[in-house]
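K.L.:
Can you look at this prediction? I've put the sequence above it.
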Amino acid sequence: MNRLFCFGLGYSAAVLAHRLKAEGWRIAGTARTRDKVKDLTARGVEAYQFDAPMPHATAALAGTTHVLVSAPPTVDGDPALTHHVHDLSALSPRPQWVGYLSTTGVYGDHQGGSVDESTPTAPSSERAKRRVAAEHAWLAWGAAVNVPVQIFRLAGIYGPGQNQLVSLREGKARRIVKAGQIFSRIHVDDIATVLEASIARPNPGTIYNVCDDEPAPPHEVVEYAAALLNIDPPPAEPFEEASRSLSEMAISFYMDSKRVKNDLIKSELGVTLRYPTYREGLKALLNE
């Protein structure tokens, strides 16, 4: 029986896990808190707490056929490799597929220009630099132990419970305008579709951009979501003024502007996006 082990069974990983569980897979993974572990266990997941080395890692990983890594790297590197590289290397048989969830932030700022998987990385934030280092570490490990590792560079993720419709209803949405700034997005269901397609067709060492077909300025997405809700959008805020009250992470989001190309997930994996733009995605979320 196939067994998926997720280092960091969070928002994106949970959608894939739900699909595979329905197909008869065993699902295991980690969470940071005891409460989350209890919640996952109640949903039929073999859950383990992982805020440091995972206790009894050999037993926890036993029988794993596929690995998904979504936990973010720290200043000390990728936590799964840092603490459990020997446990992963000792698996017998070796995993048939390992997927690492990275970010399109590794490309840095291209002033609205296009990037694809062949574009050199040029991260502009410390978080993105850690992602590049983690990508390299996972690819090197996979090559060294002959395990097929694939990298998935995700654009901005949205979906049920995490989207501009929710932000508007909660009064948290801001319509920040920065000239020339565009950003790519991806619905969480389409992430799972890409991962399933890769599991069916592993290609060791391959990097995939995972985004929809239409990069767009963030303020346009807020305006569209407001129109769907039949409400007025929040007042427009010039970025120069809004940045005084933004977090460091939010400011870094506005520092990069690029058009991420997604041709490879279509040509190699045969993926057809269910939500090719934010419009289809938000309409579906409204109906849900």
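P.N.:
The structure has been received and is ready for your questions. Just so it is clear, the model here is predicted, and its values are computed rather than measured.
K.L.:
When you work out contacts or count neighbours from here on, use the C-alpha atoms and nothing else.
P.N.:
Will do.
K.L.:
Can you show me the strands along the stretch 101-250 of the chain?
P.N.:
Chain-ordered strands for the stretch 101-250 of the chain, with DSSP state E, counting those that start in this stretch as the definition, fall at 114-115, 149-154, 156-158, 175-177, 185-187, 207-210, 236-238.
K.L.:
got the buried residues for the second one?
P.N.:
By neighbour count with 16 or more other Cα atoms under 10 Å, strand 149-154 contains the buried residues V149, Q150, I151, F152, R153, L154.
K.L.:
In JSON lines, list those residues along with pLDDT.
P.N.:
Putting the buried residues of strand 149-154 into JSON lines (pLDDT from 0 to 100) gives the following:
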{"residue": "V149", "pLDDT": "98"}
{"residue": "Q150", "pLDDT": "98"}
{"residue": "I151", "pLDDT": "98"}
{"residue": "F152", "pLDDT": "98"}
{"residue": "R153", "pLDDT": "98"}
{"residue": "L154", "pLDDT": "98"}
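K.L.:
re earlier: for the strands of the stretch 101-250 of the chain, which one sits closest to K129?
P.N.:
Distances from K129 to each of the strands of the stretch 101-250 of the chain were compared using Cα to Cα; the shortest belongs to strand 149-154, at 13.3 Å.
K.L.:
What is the end-to-end distance of stretch 56-75?
P.N.:
Using Cα to Cα, to the nearest Å, the end-to-end distance of stretch 56-75 comes out at 24 Å.
K.L.:
gap between it and the chain center?
P.N.:
What separates the centre of stretch 56-75 from the centre of its chain is 16 Å, taken as Cα atoms, centre = their mean, to the nearest Å.
K.L.:
Can you list the neighbours in contact with that stretch?
P.N.:
Applying Cα atoms under 8 Å, 6 or more residues apart in numbering, the set of residues contacting stretch 56-75 from outside is 2-10, 13, 48, 78-80, 84, 87-88, 91, 93-102, 130-131, 134.
K.L.:
For PyMOL, write a command that selects the buried ones of those.
P.N.:
With 16+ other Cα under 10 Å as the criterion, this PyMOL line picks the buried residues out of the contacts of stretch 56-75:
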select buried, resi 2+3+4+5+6+7+8+9+10+13+48+78+79+80+84+87+88+94+95+96+97+98+99+100+101+102+130+131+134
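K.L.:
Kindly report the domain assignment for this structure.
P.N.:
3-157+185-210, 158-184+213-258+275-287 (automatic domain parsing).
K.L.:
Next, format those domains as a markdown table and append distance to I265.
P.N.:
What follows is the domains of the chain, written out as a markdown table (distance: least, Cα to Cα, whole Å):
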| stretch | distance to I265 |
| --- | --- |
| domain 3-157+185-210 | 6 |
| domain 158-184+213-258+275-287 | 11 |
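K.L.:
out of those domains, nearest to E268?
P.N.:
Among those, the nearest to E268 by Cα to Cα is domain 3-157+185-210 (9.0 Å).
K.L.:
tell me how far the ends of that closest one are from each other?
P.N.:
Between the opening and closing residues of domain 3-157+185-210 lies a distance of 24 Å (Cα to Cα).
K.L.:
if I look at L9, how far off is A134?
P.N.:
Looking at L9 against A134, where the rule is Cα to Cα, the gap reads 18 Å.
K.L.:
Likewise for E196?
P.N.:
Using Cα to Cα, E196 is found at 22 Å from A134.
K.L.:
Let's have the strands of the stretch 101-250 of the chain in CSV, adding distance to L269.
P.N.:
Putting the strands of the stretch 101-250 of the chain into CSV (distance: least, Cα to Cα, whole Å) gives the following:
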stretch, distance to L269
strand 114-115, 19
strand 149-154, 12
strand 156-158, 20
strand 175-177, 36
strand 185-187, 16
strand 207-210, 10
strand 236-238, 40
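K.L.:
Figure out which of the ones you listed is closest to A216.
P.N.:
Comparison of the strands of the stretch 101-250 of the chain against A216 by Cα to Cα identifies strand 185-187 as nearest, at 8.5 Å.
K.L.:
Could you list every helix and strand that the closest one packs against?
P.N.:
strand 156-158, helix 278-287 (3 or more Cα pairs under 8 Å, 6 or more residues apart in numbering; DSSP states H and E).
K.L.:
neighbouring strands for that strand, and are they parallel or not?
P.N.:
Under the criterion DSSP bridges, strand 185-187 sits next to strand 156-158 (parallel) in its sheet.
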